[in-house]
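# what follows is a predicted structure for the sequence shown.
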Amino acid sequence: MTKLLKKCGAGASLIAVIAFGACSDSGETAISDAQENTPDLCFHNGHIYDGEGGYANAGLTVIDGKIAGLEATAGNADCSQYANTAAQIIDLENAYLYPGFVDAHAHLLEIGLREMTLNLEGIASIEAVKEKLAEARDQTPVGETIFGRGWIETHWPEGRFLSKHDLDAVAPDHPVLLQRWGGHAMAANSLALEMAGITKNTPPPFGGDILLSDDGEPSGMLIDNAQGLVDALLPELTDARREAAFIKGAELYATAGWTGIQPMSVKAPDVAMIEALSDAGKLNIRVYNAVDFAGAETLFDGIAVDGPRQNKNGHVTTRTIKLYTDGALGSRGAALLAPYADRSDSDGLMLIEEETIMPILERALRDGIQMATHAIGDRANRKALDWYEEAFRRVPEDERKIAQPRWRIEHAQILSLDDIKRFNELGVIASMQPSHAILDLHFAVDRLGVERLAGGYAWRSLIDDGALIAAGSDAPFNGAGEPRIEFYAAVARKDADGFSAEGWYPDEKVSRIEALTMLTQWPAFAAFEEDRAGAINIGGNADFTIFDKDILAIPEAEILSVTTLLTIVDGKVIYEH
């Protein structure tokens, strides 16, 4: 890690290296006169993370969106010299300033839509789902689709998925579609199934499943690609609604303390919309897009010729293709090397085949395009690593636009122990979401058994083998998306109530400095931005997350109650508590 403060010469004071100043041969710091270099922003009276596990009591200055200086001279770590200038002075009041936290895997559009639709997160039972559905029914004209999302059956007393009968009992005259937590399964009522033409004789599409009841009829549960059978019933997503959702999602993320997001599965036409919203000042966090390959050929043709795409203010970058290899563990769509422990007739679903993915991978290497491939089960992860390795073999470094392409595997949740070392060996980034572990492990033992979870959510093992983990949240499919939850999950490996159990493998947790790195420096590396983001360095982006407590030292349970006081992007306050 890079040390925050630079010491010039033996015994010299720790003082700012203003702008791009350097140490002279005599040991004095080259520093411009404060009056000639009035900063736009100056922070003082707080704790500034030093990149080495501690804090500096320093005055931090910002000019033109970049970190310009860090002043920690003896007894004068403040901004008093700028009191009569145009500088904006922020008294941190003993708060803690960190490099900006970046969510390395989330879904920006859906984060906003979560606030604009029937939200079933935290619903405690099927009966409670029915109550919420009844409220939506009463507000929806007969015949119009009711769409909701976010339910999960893990702790329900009924101990099962929703069925069409549950939904029929409340809203038989509306097509009802309720997407499960994670986004890889959906419950449909009888009217929705009928309107979509789904019967007991309907063959599941490749990469999908239509669950059947004991009577041989569809139960109402559609898994992974089978959800596409009801796409025509979904409420129309107009441009105005999409814009509102992107804006709302970015606002929520700024409030949580995220300075950037790496959204997954972005639709190609939405890239221009995100860029325009950012340039107009309506979307203030940084965005690094991973675009759904379907329909994105023209977009990637342009990137192949011109390089990564950026908007005018430089806050939105697009250079990555998102692909899927399998589904989710909870809905038994994750592709496994052996059958599910609680469903011996299934080993999950592969969503893509070798003959489809290999041409995409080979072209990506030649065109300088980054790959981000979803893989959850151990079979899917092995396949993804195999395909990456084969692509690297077919396209040697001298034929690639970028020799080290920093390809990613999104989730990397369940790994064969033999495959852990391959991430570092191949230079593949593990893009993982710590909160997945503390939620999934409540049911993962049932799905896999204790022994097969030895390679589950294996952060410690991956890091010890030299891999980099870019951490994120998978919001809204895995919760609201909060940096404090991801940090807590990584360091505690317990649920929010402090619960752990057999099969949770507590030794796979990470240190607090490692967790901070997973949410700052390594997402920057995963986005080719380590030269200007992820750390507090002179000349780097002035992106900061400011908390009221020391997340490196407080008791782990208190991490969940930390308050975001300020979120700063490009030297501008985009959220203030």
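Yep, it's here. Every value quoted in this text rests on a predicted model; they were computed, and no experiment measured them.

# okay, CA-based contacts and neighbour counts for the rest of this
Will do.

# so who does the residue nearest in space to the middle of the chain touch?
Nearest to the geometric centre of the chain sits residue 105, at 2.1 Å (Cα atoms, centre = their mean). With contact taken as Cα atoms under 8 Å, 6 or more residues apart in numbering, residue 105 is in contact with 261-264, 410, 431-433, 471-475.

# and the helices in the stretch 101-250 of the chain?
If DSSP state H, counting those that start in this stretch is used as the criterion, the helices of the stretch 101-250 of the chain fall at 108-114, 126-138, 164-168, 190-196, 239-256.

# between these, which one is nearest to residue 82?
Using Cα to Cα as the criterion, the shortest distance between residue 82 and the helices of the stretch 101-250 of the chain is 27.7 Å, found for helix 239-256.

# average pLDDT for the closest one?
The predicted model assigns helix 239-256 a mean pLDDT of 96.

# roughly how far out does it sit from the chain middle?
Taking Cα atoms, centre = their mean, to the nearest Å, one finds helix 239-256 lying 16 Å from the centre of the chain it belongs to.

# after that helix, next one along is what?
Stepping forward along the backbone from helix 239-256, the first helix or strand reached (DSSP states H and E) is strand 258-263.

# how close does the nearest residue to the residue nearest to the centre of the chain once chain neighbours are set aside get to residue 441?
Beyond its immediate neighbours in the sequence, the residue positioned closest to residue 105 (Cα to Cα, 6 or more residues apart in numbering) is residue 472, lying 4.7 Å away. Spatial separation of residue 472 from residue 441 under the definition Cα to Cα, to the nearest Å is 18 Å.

# so for these two, which sits in the more crowded spot?
For residue 472 against residue 441, the residue with the higher neighbour count under other Cα atoms under 10 Å is residue 472, and the figures read 31 against 24.

# and the more buried one, what is it in contact with?
Contacts here follow Cα under 8 Å, 6+ apart; on that basis residue 472 touches 102, 103, 104, 105, 106, 431, 432, 433, 434, 486, 519.

# just checking, the fifth one touches residue 263?
Yes: between residue 106 and residue 263 a contact is recorded at 4.9 Å, counting by Cα atoms under 8 Å.

# which helices and strands does the strand ranked longest in the chain pack with?
Longest among the strand segments of the chain by residue count, using DSSP state E, is strand 316-324. Contacting strand 316-324 under the criterion 3 or more Cα pairs under 8 Å, 6 or more residues apart in numbering; DSSP states H and E are the following elements: helix 268-279, strand 286-292, strand 309-310, strand 370-375.

# tell me the angle the next helix or strand after the last one makes with strand 370-375.
This means strand 370-375. Sequence-wise, the next helix or strand beyond strand 370-375 is helix 378-394, with elements assigned using DSSP H and E. For helix 378-394 and strand 370-375, the angle between their directions (axes from the mean of the first three to the mean of the last three Cα atoms, to 10 degrees) works out to 150 degrees.

# which strands and helices sit next to the next helix-or-strand element following helix 378-394?
Proceeding N to C from helix 378-394, the next assigned helix or strand is strand 408-411, under DSSP H and E. The contact analysis (3+ Cα pairs under 8 Å, 6+ apart) places strand 408-411 against strand 370-375, strand 429-432.

# out of the ones you listed, nearest to residue 560?
strand 429-432 (19.4 Å).

# which strands and helices sit next to that closest one?
Strand 429-432 is packed against strand 101-106, strand 408-411, strand 469-471, with contacts defined by 3+ Cα pairs under 8 Å, 6+ apart.

# out of those, nearest to residue 494?
strand 469-471 (16.9 Å).

# and that closest one, what does it pack onto?
strand 101-106, strand 429-432, helix 459-464, helix 512-518, helix 521-526.

# from the middle of its chain, how far away would it be?
9 Å.

# what residue ranges in the stretch 101-250 of the chain score low on pLDDT?
Along the stretch 101-250 of the chain, no part satisfies pLDDT under 70.

# mind running it again at 90?
Per-residue confidence for the stretch 101-250 of the chain (pLDDT under 90) gives these ranges: 113-119, 121-122, 148-150, 152-155, 159, 180-185, 204-208, 224-225, 231, 234-237.

# can you give me the pLDDT of residue 496?
In the predicted model, residue 496 carries a pLDDT score of 93.

# and residue 103, what does it touch?
Counting by Cα under 8 Å, 6+ apart, residue 103 makes contact with 258, 260, 261, 262, 471, 472, 473, 483, 519, 523.

# quick check, nearest of these to residue 182?
Compare each of the contacts of residue 103 with residue 182 using Cα to Cα and the shortest gap goes to residue 473, at 11.2 Å.

# the closest one against residue 435, yeah?
Yes: in this structure, residue 473 is within contact of residue 435 by Cα under 8 Å, at 6.7 Å.

# which neighbours do those two share?
Taking Cα under 8 Å, 6+ apart as the criterion, residue 473 and residue 435 both touch residue 486.

# can you tell me which of the contacts of residue 105 are buried?
Restricting the contacts of residue 105 to buried positions leaves 261-264, 410, 431-433, 471-475, with burial counted as 16 or more other Cα atoms under 10 Å.

# residue 180: which of the helices and strands packed on strand 316-324 is closest?
Ranking those by distance to residue 180, with Cα to Cα as the measure, places strand 370-375 first at 17.9 Å.

# okay, now the sheet partners of the closest one, with direction.
Taking DSSP bridges as the criterion, strand 370-375 sits next to strand 316-324 (parallel), strand 408-411 (parallel) in its sheet.

# next, format the helices and strands packed on strand 429-432 as TSV and append distance to residue 344.
Supplementary listing: those in TSV, determined by distance: least, Cα to Cα, whole Å:
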stretch	distance to residue 344
strand 101-106	32
strand 408-411	24
strand 469-471	32
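
# where does this structure have its least confident helix or strand?
Ranked by mean pLDDT, DSSP states H and E, the weakest helix or strand in the chain is strand 55-56, scoring a mean of 86.
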